[in-house]
Each structure stands twice: as C-alpha cells, then as structure tokens.
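In: Below are the sequence and a predicted model; questions follow.
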Amino acid sequence: MNPARPIRSIVVAGGGSAGWMAAAALSVALHGTGCRIVLVESEEIGTVGVGEATIPPIQAFNQVLGIDEGEFVRATQGTFKLGIEFVDWFKQGHRYFHPFGRYGDDFGMTPFHQQWLRARAHGDRTPLGAYSLTEAAAFLNRFDRPPNDPRSVFATYSYAYHFDAGLYAAFLRKHAEARGVTRVEGKIAKVEQHGETGFVDALILENGTRVEGEFFLDCTGFRALLIGETLGVPYDDWSRWLPCNRAIAVPSERLDTLSPYTRSTAHAAGWQWRIPLQHRTGNGHVYCSSFMKDDAAEAILLGNLDSAQTGDPRRLRFTTGQRKQAWSHNVVTLGLASGFLEPLESTSLHLVQSGLTKLLSWFPDRDFDPAVRTEYNRQVAREYESIRDFLVLHYHATERDDSPFWRACRAMEIPDTLAAKMEMFRRSGRLLEREKDLFHEASWLAVMLGQGVRPERYDTLADSVLPNEAAAVLQGMRTVIGRTAQSMPGHAEFIDRHCRAVSKEPV
Amino acid sequence: MQAGPIQRIVIAGGGTAGWMAAALFAHMLKSPAAEIVLVESDEIGTIGVGEATVPLMTQFNGVLGIDERDFVAKTNGTFKLGIEFRDWGEVGNVHFNGFGDFGDAIQGISPHHHWLKLHQLGDPSPIEDWSMPYAAARRDRFVPPEAMHGEAAFYKYAYHFDAGLYARYLRGYAEAKGVQRREGRIADVKLDPETGHVAGLRMDDGGEVEGDFFIDCTGFVGLLIGKALGVGYTDWSHLLPCDRAVAVGCERGGAITPFTRSTARAAGWQWRIPLQHRTGNGHVYASAFISDDEAVATLIDNLDGAPLGEPRLLRFTTGHRAKFWDRNVVAIGLAAGFMEPLESTSIQLIQTGLARIFELLPDLSFDRVLIDEYNRVTTSEYEKIRDFLILHYCRSRRPEPMWAHCRDAEIPEPLAYKIAVWEAAGRVPLYSEESYQEASWVSIFLGNRVMPKRYDPIVDQLPLDHLRGGMAQRRAAIARAAETMPDHATFIRRACPAPVAA
C-alpha cells in the first residue's frame, strides 16, 4: 500500500447555489487537512436559481454545516414546505397533493396503504390523503416543527423549505469564507490542461490571474466550461421522455395567505410553479417549445399569477438530461453543468447535495484511481435515472387529451424501469423499490394515485385484520391527524414568531 | 379485479425447507382461511447439511414466536458469532467473519480505513482485534447482546443445530397450528391441461393431494419445478468447482466454540460445527482434483473425536433453477438451488425465499408481475452470495492445483468490479439484494490479504497520536467487555441445555 497522497488544493469554478454549497460542505469536511479551497466566480455572470423549492434531506445538509434553521430561514426570506399541490395534472379541474412524510401507520401484516386499498375495495371512499398529517396541515396553511418523539403522529410528518436561491448562496458564502474558502472574482478565460493526461491544471482568468488546483469542481451551470467545453464529456439527452425545454420565471407580490407548499399547475404544453416566499412569490412556466411559442407561454404565465407581477420575466432554455460522466479526469461537476431535471419535484438543489455527499464518501487522492470515478458515476447516474422516472410518471399517467402536448406524453414510450413500477402497482398495489431511489413508497403512492394509476387488487394478507377492526383503526388515525393539524399554528404566524426576515428586500 | 385468495397450499417434501415453509404459512395464513398440507415420506432421507445459520434466523424465530431457549435445547443447539477461516489464503492464515463490524464510524468513515493506516505504519494487529464478536469467539464466550451495554452490544448471533431435530421441532409447531401432514411418496404430478399449472400430487398409495399453490421442497430432484414443469438449471460449476461433500458427526472434543470453523484443504475445505453433544463435520471438495476415498480420509484424519457412523457422500451442482417460481409452484431449499455451505446460507435462502413469497403473495390469478419480480430479486440474491463465495477462493495463494485453478478462472464481472473498487479505495460498492454488508466483505478481503492501494484520505485529518490512542482504547474496551461474558458452554448449561444426550 502506498502512502496516502491527499489532495492539497481544490478549485470550485462558479458560484451560485451549486458552487457555494460545494465550497461550504468541503470547507467543513476537509477542515484541518490543510487543503486549500478556492472559488472562482464573476459578479457579471448571473445565476439561474430556479431551485427555490427543496425536499426534506436539505435539513441534514444544513445540520452538517452547523447552520441554525431560524437564522437560515430569516436570511433567505424562507418559508416552510410540506409538499406539492398538483393542479390539473391528471385532468382539468382535478388536484392532488404530494405530501412529505408518510401515510398512516402499518398495522396487520401489510403496509398501511394495502389496508387503505382494501377498505376502498369494500366501499370506503376516504382519500389516502386523509391519513397524512403533512397534507392535513398544508391545506389548513399550518406549520409546526415536529417534536422529537418517534411514537407521536409527528413521526409521519416531514418538511422542507422555499427560499431565495441567491440569498442562500450568499448565506453559504459567509459560512464558507469564515472557514477559510478563498473567493476569487473574475471571469474564466481559459482552462489549462496537462499535455499528457488531459487533467485540468489551472483556470486562467480574463485579468490574467492563474488559479491552479489539483481537483476541480465544475459549477459553471449550463455552459459546463470544464466538463463539457474542455474535457468534451457528452450529454445524454432525455427530451424523448421529458420534452419540456424552456422556462420563463417571474416574481410577484407576497401571497395574502402564505401557503406552506409549492403549487404546480399543468397548462396546455407544460406547467407553472408557484413558490411562496416571505417577501415575494416565485412563479415560472416550464413548457415545450415544439408545442408552444415563447410569447404564448409568457402570456399564460402572466395571466395565471395569484398576485401582482413585480419584475420582468426571464427566459431560460434547457435540455433535460445528464452529463454522461459526472466525474472525468480531475473534474467533478455539480449543479446544472452535470445535468438538468425540471423542478417539478424540487430536486435541483438535492442533486447538488447528494453529489457532494457521494463525493465525500468517494473522495479521491492525487492518484485519481479510475475505479473510484466509475463507482461515483454509476451512483450519480442511478439517482438521476430514478428521479427521471418519477418525473416521467407525472406526464405519462394522465387522462388529459386536450392538447397535442398531452396526447404526445400519453403516447410516449417510457423507460422500462418505470413501466415495471407502474405495472406492479396497477396489478397488485405493490410498490417496487430499487437501489438508490430518492423518492420512497409514500411519494410514489401519492403521485401514482394522484395521476390515476389505480391498483386492480390489494394484497390478500390485508384480510388478516377483521374489517370492523380495520375500520376502527383507520377512523382513529383520521381523528388524531385532524386534531393534531388543527392544533398547529398558522404558517405565517409561525414564521413571524420564529424566523421572520429582518428587512424585506427591494424587488 | 380482486381474484380469490389462495386457500389450499401444498408443501411437497419435509426436511428443513418443507417444515420451515409449513410453519411460516401456518402462522401467516391462519386456519380456517387456508388449508395447508405437507406431503413427506418417512422413507426418504433429508440432507440437512445446513446446520449452521446466519443472524437472520433470529428474525424467523421472532416472527413465529418461537422461544429461543426452548428451540436451542430441543435441537441440540449452540450459539454462533461468526466463522473462523483457517488456511484460506495460505496455510497458517487465520481470519474471522464475525456477525458484527469493526466499530462505529470515525470521522464518518468505517474504521477499517483507520486500521489500514496503522497497518501501513507497521502495526501488526489484525483487524479482528476490533471485532466484538471475535473478541468473544476467540475466548469461547457467549452471551446475547441484550446482556451487554454500549458499543459492546453491537454484534449479532446465529445458531448451530441438528437440522433433523429442527425439522421435527417445526413439525410440532406447524401441526399445532393446523398443518396436515400426509405420509407417502409422490408418484406423479398432475397438471391442469388448460393452464399448465400443477393441479395435484398423485401418491404411491393411490391418493391424491390437490391444491392452489405448491411449494416444491423435494430437494435436488425438484420433482415439481424441474420434473413436472421442466424448469432448467443455471449451472455455476465453472465458477465454484466444488461438487461433492462428505459429512460425518464425531464425538465432542475440546471447548464448544461459539463459531463455525472452515479449514481450507488441498482440494476444498472442511467444516466443523459444534453441537451440544457432538460435532458436525464435512469436507466439501472438487472431484476433479481429489478422489472420494482421499476426501473421506482427509475428513477422518481431521476430526476432534471418534467418528459417529459412516461418512455420507453428497453430490451437488452449484447453481440455481432458471426460474424459482413458475406458474403456481415456488421452489424452496435444495429444489431452488445449491451453494456450498461456506457462509451458511442454505437456511438463510429458505427463509428469504419464504419471506419474499409473502411480500409478493399471489391470489388465484397468479399474476405474472409478481412471479417475474420474485425471480428477478431471488436470482440477484443468489448471484451476490455466489460472488461473495468466489471471493474466498479467487485470491488464494495456496499452491495446490485446485487453488491454482481458482486463481486463474474467470470471475463474474460484478465481482471483478467490486474487487477493483476495493483495491482502488478500500471501499466496497454494494447494491440491492446484498446478503453481506461492508464489514463482511472487509473481513474476507483483508483476511485473504487483498489489500487496497490506499485508505480514505479523510483519515489524515486525525493527528496520528489521536488515531493510535483512539484505536488502542477501542481494542482494550472490546477485550475488557469480552472478559465479562460467560463461557459459551456455561451459558448453554444454564440457559438451554439439551434434555438428553443425542
């Protein structure tokens, strides 16, 4: 065995959420090793920052960084998020909710939802959502932090955040700089590679500064300056499954009622998000340019705002897909440079976080053994594919046939892995879990049922509980959930009391 | 739409697999909702080499509500903390795959990385010094972890027992819950001409046993799955060359070790499984490299005490049914497949197969999606165990022809990949359906001196004196904790002595 040859310097190319999340996480993980961390960014280059809504694992990320929740929510104009409401997705006029956390509590010998399916088969019309505390709280616009008690009904409850991604990056920058990360201002003019190995040696900035490093993180966004332009790693295009390729984003005034959830409303050729923040509302329309012109998309967006517009619309183009190797040579890519999945399930920032977690467990030394890269790339690819399948489900399983876009989505061929999951659920009510699935049983249940995928049968083992006993247990759960949700403070009230942003940022 | 539930379950064959199936079905599908019949013949012997188990078995007992002490007493059982490997890698080498790990993560990293650094700096201590189960095992001590505190309680255990007595024990359990035992030999399997499903078993005595759902526990012959339904067999002989075993019990000698011992031989390996009143032994070997007579002689020369009875010879083909579940028949036990008992997986595979039947319990429509998923997951489980077994062989430095053959043989791609990643970074990439977690892989890698090129670079964050001090402290704490445990034989005598000398 050789002596360890640790990495002594890391260069993060690009700021934005991805760059500063990386810098902050590395500065904690590598504290005390003497490894130098430099982040290069230019104030002239804007960030994309559509990822203003998040999912619960971000709590763990903040904890590792030692971030206080109240301080963080205050600094980012943040609000709390209990899930996503999907409007007009299954069919026009229909809505369903994808709550964080889980439904009910297992009893008998089968998962909870099998008891629910069985009750339905016997005529009980109660929706599954009646067994989610998170969903109940969301529709009452209430929020509370759960007590740390595994026996409480709160054990089934979970939450994430909405926030201003620009403010989040600034917040993380403070943390990272306090831990010794050096920020270098400037635009990258040239990437210098080693003549033989092709490894990146240095970034040359427009002002002539040379930033050397042993290990580079490409957080340069869609441009993918290192991984794409320099190293030529190709991009795997997933438009055949997720055809949307444009978005228009626009801010509007704060909502009168601060809802603790994201709303996603399907339109004729895409969907519109609504993300409530303390000082404003984030809105955007994701659509497919083959089915809708940009001007029409903008008109739909502006015509469907719940509050007055407060800024100019910004247009974005993207190609859904994934960089074929997230790690090549001595460059690891995070954020938009590594791939793009539309923010339908708020996974953008999560993919950065999860890429960092994996990177830290497969952290290289200066030998950069290819087997380490291969395994990292395999794990990243697996996670992207799993999220991709979950997103495709939203589009494919629909009854909408009111536009060519939806007819195309219904008719498209879907990935085998998703087809297998849908078939298993439809035919037996069971949910297949695969390695590294980010979304678990409850999420798949919410969206399968919400999108009208109905199981033909339930697990016959559910019959091991007598019908009247099962009915009593179900009734008891509904009562506890209803009572608990009613006793929670309002979302806006909670924020005012615990984490109100100090000043409303001018828009 | 909802089809009716399966109501008539027929288990073909007794033995360990059959009676485990009967017990679990009786527990899960309570009478009178279901009728469970087990068909077996007193004339047909059972194989029962699977006398050593893995910790998963405690869960099986837990689900059935079996009292552990009663079960151990009635099966002449002992406790097991892992497997000691002797002379694998090279003659004189000893290593241990314990039911536990090498301690909590340090800096978020498994402590074998820290061990690797010390090892690289010349520290001669084996990684097993940080294994709680090994600390107890090497001292012949045992107590269930519930009796220990803190980190010293982080280990698991399994059992050694007499498989014949175990089957009898479960028979009592199952019959008490309403399982009907039908004595007799199966003459023929009757198929439904329309669906091709098994409709019933015709018995030698002229009777017939009909059912909705059949569990084939008929052993190697696979009477239903193979003979009647014609499901083929995936042969793995080219990957694991052992194809015979000779087994014999012997008189007890020395301590009742709380572990299984596996000793490598010139053309295979020998097991030693301590029971309360005797010791089970067997020699697994490759017939291409040693004659049966030589194999028997090797076994007899290496017993703790006088042999009890004649050695029994078994022939097997390592591999598995191309489909474990076909139509309305699921194969369990040896009818499903065979892998040498090097890691005591036979009973584990019975148990996981049965658990998976209940995860995917069919109704009378026998939906294809359930069957496909069962076969997909079970195949994957078999393949992962197979790869783990191959790892024991493929990097040995022993000089004999069989070992040279194993060294030169091609190995499955997923295993080659695991080894490459291990060698690059000291980590083991694990996927779905892995029976063995990181610590087990690390035990076998390091035990066979397959060393990674480096340890995790994060380890260097820790000042060397802290690392040395912390690791020394952990080792001392483990040793101290082990010293507080009772002797294994004493524990058994107090808690669960077998009633009569068997």
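Out: Here it is on my side, so go on. Residues are numbered from 1 along each chain as shown, chains lettered A, B, ... in the order given.

In: So for chain A, the centremost residue is which one?
Out: A:T347 (1.6 Å; CA atoms, centre = their mean).

In: Find the residue closest to that one in space, skipping its chain neighbours.
Out: Nearest residue to A:T347, sequence neighbours excluded (CB to CB, 6 or more residues apart in numbering or on different chains): A:I387, at 5.2 Å. C-betas here are computed from N, CA, C, even on glycine.

In: where does that neighbour fall, helix, sheet strand or coil?
Out: What DSSP: H, G, I helix; E, B strand; the rest coil gives for A:I387 is helix.

In: How many residues are close by it?
Out: As a burial measure, A:I387 scores 21 neighbours (other CB atoms under 10 Å in any protein chain shown).

In: just B:A153 next, same as before
Out: B:A153 sits with 15 neighbouring residues when counted by other CB under 10 Å.

In: before we move on, the earlier item: any idea how far A:R430 is from the residue nearest to A:T347?
Out: Separation of A:I387 from A:R430 (CB to CB, to the nearest Å): 21 Å.

In: Would you agree A:H122 is in contact with A:A470?
Out: No. Here A:H122 does not reach A:A470: they are 9.2 Å apart, not a contact under CB atoms under 8 Å.

In: more crowded one of these two?
Out: Set A:H122 next to A:A470 and count neighbours by other CB under 10 Å: A:A470 wins out with 21 against 11.

In: For that one, list the residues it contacts.
Out: By CB atoms under 8 Å, 6 or more residues apart in numbering or on different chains, A:A470 lies in contact with A:107-108, A:115, A:118-119, A:462.

In: okay, those residues in a markdown table with neighbour count, distance to chain B and secondary structure next?
Out: Below are the contacts of A:A470 laid out as a markdown table (neighbours: other CB atoms under 10 Å in any protein chain shown; distance: CB to the nearest CB, whole Å; DSSP: H, G, I helix; E, B strand; the rest coil):
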| residue | neighbour count | distance to chain B | secondary structure |
| --- | --- | --- | --- |
| A:F107 | 16 | 15 | strand |
| A:G108 | 19 | 11 | coil |
| A:Q115 | 25 | 14 | helix |
| A:R118 | 24 | 9 | helix |
| A:A119 | 18 | 13 | helix |
| A:A462 | 23 | 10 | helix |
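
In: Those residues of the stretch 1-150 of chain B touching chain A, which are they?
Out: Within the stretch 1-150 of chain B, the residues that sit near chain A (CB under 8 Å from any CB of the partner chain) are B:1-3, B:5-6, B:28, B:30, B:33, B:108, B:116-117, B:119-120.

In: From these, list just the buried residues.
Out: Burial by neighbour count, 16 or more other CB atoms under 10 Å in any protein chain shown: within the residues of the stretch 1-150 of chain B next to chain A this picks out B:5-6, B:28, B:116-117, B:119.

In: Of those, which is the nearest to chain A?
Out: Minimum distance to chain A across these is 4.1 Å, recorded for B:P5 (CB to the nearest CB).

In: so what's that closest one bridging to?
Out: Legend: beta-bridge partners of B:P5 under DSSP bridges are B:D363.

In: For the stretch 301-450 of chain B, which residue gets nearest to chain A?
Out: Nearest to chain A, among the residues of the stretch 301-450 of chain B, is B:A424, at 3.7 Å (CB to the nearest CB).

In: In contact with that residue, which residues are there?
Out: Residues counted as contacts of B:A424 (CB under 8 Å, 6+ apart) are A:369-372, B:452-454.

In: Can you name the residues of the stretch 101-250 of chain A that neighbour chain B?
Out: Within the stretch 101-250 of chain A, the positions near chain B by CB under 8 Å from any CB are A:109, A:121.

In: Any idea which residue of the stretch 101-250 of chain A lies closest to chain B?
Out: A:A121 (6.1 Å).

In: pLDDT value on that residue, please?
Out: For A:A121, the pLDDT comes out at 93.

In: pretty sure it contacts A:A462?
Out: No. At 9.2 Å, A:A121 does not count as touching A:A462 under the criterion of CB under 8 Å.

In: residue contacts, the closest residue in space to A:E385 that isn't next to it in sequence?
Out: Spatial nearest neighbour of A:E385, excluding adjacent residues (CB to CB, 6+ apart): A:T417 at 6.9 Å. By CB under 8 Å, 6+ apart, the contact set of A:T417 is A:385-386, A:389, A:434.

In: Mind telling me what element A:T417 is part of?
Out: Using DSSP states H and E, A:T417 sits in helix A:416-428.

In: So which other helices or strands are in contact with the very next helix or strand once past that helix?
Out: Sequence order places helix A:441-450 as the next helix or strand after helix A:416-428, per DSSP H and E. Helix A:441-450 is packed against strand A:95-99, helix A:370-396, helix A:416-428, with contacts defined by 3 or more CB pairs under 8 Å, 6 or more residues apart in numbering or on different chains; DSSP states H and E.

In: can we see that at 10 Å?
Out: Helix A:441-450 sits against strand A:83-87, strand A:95-99, helix A:112-121, helix A:370-396, helix A:416-428, with contacts defined as 3 or more CB pairs under 10 Å, 6 or more residues apart in numbering or on different chains; DSSP states H and E.

In: Take these and write them to TSV, including distance to A:G129.
Out: Converted to TSV, these look like this (distance: least, CB to CB, whole Å):
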stretch	distance to A:G129
strand A:83-87	10
strand A:95-99	6
helix A:112-121	11
helix A:370-396	17
helix A:416-428	17
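
In: So which bits of the biggest helix by length in chain B are buried?
Out: Determined from DSSP state H, the single longest helix within chain B is helix B:368-394. The neighbour-count check on helix B:368-394 (16+ other CB under 10 Å) flags B:369-375, B:377-379, B:381-394 as buried.

In: What is the burial count for the residue of the stretch 101-250 of chain A closest to chain B?
Out: 16.

In: isn't it right next to A:D459, touching?
Out: No. Here A:A121 does not reach A:D459: they are 11.1 Å apart, not a contact under CB atoms under 10 Å.

In: about what we covered before: pick out whichever of the contacts of B:A424 sits closest to B:R141.
Out: B:P452 (32.0 Å; CB to CB).

In: B:P311 - that's part of a strand, no?
Out: Yes. According to three-state DSSP, B:P311 belongs to a strand.

In: Count the residues that sit near it.
Out: Counted with other CB under 10 Å, residues neighbouring B:P311 total 19.

In: excluding its backbone neighbours, what's nearest it?
Out: B:V248 (4.2 Å).
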